[in-house]
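Asks: Next one to model:
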Amino acid sequence: MKIVKNDLFDYKMRYIWQLEDGFKFSLDSLLLAEYVKLSNNKKILDMCTGNAPIPLVISLKTNSEIVGFEIQEDIANLAKMSVQENKLESQIRIINDDINNIGNYYQEEYFDIITCNPPYFKKNSSLINISDYKSIARHEVKIDLENIFKLSYKYLKSNGTLYMVHRPERLDEIIILANKYKINVKEIALIVTNKTMIPSLVLVKCVKLSNLGIKFRKIIDVSKCSTYQHIFE
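Replies: You can find the predicted model right below:
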């Protein structure tokens, strides 16, 4: 497939390599990257990094070490090209491997922050796309929600934070699994994208070994936004 270099939406001086007729970054990733609260000198893991839009955006706001895991070799290669294109090799590391093998690279409780834009659909919940790229990105073929929480508990420091974007209809599972693995949901932001005002996305902040109690942010209608930068400030 042909690959192309695109601007990373309206982020100045950020470019991303993508398949011209295939896998591309989405609004979900940009919103998640904007949702993360950042400071310097942290260690950040991006699960299911794809072609690395989340690390690329996050790198604009922090000098922290960022690691992206991507299981699909072709997509991971695009991520590596994007890191090189933006001259971020000293800050962002892309690992082409199954996130379940993270123990081969990092010790437990290594990361301060984990971000994840995971597959939204259960493995057998709908017709799986014949394209491997899309099926792995959209369906829980290689990783599911429970495994995300299990790994997050293992590799986050105490009071470390997991940020996730997902579908609102799976929010009950997210809360149940967060409680099970002691990474309690602390904040929820609902996103609407059209006139129906029915949320189509949910952003969730979870904190390892935190007390119970959830704060809801005001609903954000992104259809009225010309930019996503600073949208949660």
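Asks: Going by C-alpha atoms from here, please, whenever you check contacts or count neighbours.
Replies: OK.
Asks: which helix of this structure spans the most residues?
Replies: Criterion DSSP state H: the longest helix present in the chain is helix 73-85.
Asks: Okay, angle between whichever helix or strand comes after that helix and helix 73-85 too, please.
Replies: Counting by DSSP states H and E, the next helix or strand C-terminal to helix 73-85 is strand 92-96. Strand 92-96 and helix 73-85 are oriented at 160 degrees to each other (axes from the mean of the first three to the mean of the last three Cα atoms, to 10 degrees).
Asks: The longest helix of the chain: how far from the chain's middle?
Replies: Distance of helix 73-85 from the chain centroid (Cα atoms, centre = their mean, to the nearest Å) equals 16 Å.
Asks: for it, which positions count as buried?
Replies: Under the neighbour-count criterion of 16 or more other Cα atoms under 10 Å, helix 73-85 has 75-83 buried.
Asks: Go ahead and name everything in contact with it.
Replies: Helix 73-85 is contacted from outside by 15-18, 23, 50-52, 56, 69-70, 89, 92, 94-96, using Cα atoms under 8 Å, 6 or more residues apart in numbering.
Asks: which of these lies closest to residue 167?
Replies: Nearest to residue 167 among the contacts of helix 73-85 is residue 50, at 18.2 Å by Cα to Cα.
Asks: so that closest one touches residue 94, yeah?
Replies: No. At 9.8 Å, residue 50 and residue 94 do not qualify as touching, with contact defined as Cα atoms under 8 Å.
Asks: Which neighbours do those two have in common?
Replies: 69-70, 76, 79.
Asks: how about the helices of this structure, start to end?
Replies: Assigned helices in the chain, in chain order: 27-35, 53-58, 73-85, 132-138, 145-155, 171-180 (criterion: DSSP H).
Asks: for the chain, what spans make up the strands?
Replies: Ranges of strands within the chain are 3-7, 15-19, 43-47, 65-70, 92-96, 111-116, 156-166, 183-192, 201-208, 215-216, 220-221, based on DSSP state E.
Asks: Identify whichever of these lies nearest to residue 29.
Replies: Smallest distance to residue 29 across the strands of the chain (Cα to Cα): 7.8 Å, for strand 156-166.
Asks: where does this protein have low pLDDT?
Replies: 23, 121-142 (pLDDT under 70).
Asks: Mind checking the strands of the chain for the one nearest to residue 231?
Replies: Of the strands of the chain, nearest to residue 231 by Cα to Cα is strand 220-221, at 8.6 Å.
Asks: circling back: which of the shared contacts of residue 50 and residue 94 sit farthest apart?
Replies: Pairwise distances across these (Cα to Cα) peak at 9.8 Å, for the pair 69 and 79.
Asks: Please enumerate the shared neighbours of those two.
Replies: Common neighbours of residue 69 and residue 79, using Cα under 8 Å, 6+ apart, are 50, 94.
Asks: just the helices of the chain: most buried one?
Replies: Stretch with highest mean neighbour count among these: helix 53-58 (a mean of 24; mean count of other Cα atoms under 10 Å).
Asks: could I have that one exported to PDB, CA atoms only?
Replies: In PDB, the C-alpha atoms belonging to helix 53-58 read as follows (Å, rounded to 0.1, in the frame of the first residue of the first chain):
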ATOM      1  CA  PRO A  53      -0.800  10.200  17.100                       C
ATOM      2  CA  ILE A  54      -1.100  10.200  20.900                       C
ATOM      3  CA  PRO A  55       2.700  10.200  21.600                       C
ATOM      4  CA  LEU A  56       3.200  12.900  18.900                       C
ATOM      5  CA  VAL A  57       0.600  15.200  20.500                       C
ATOM      6  CA  ILE A  58       1.700  14.500  24.000                       C
END
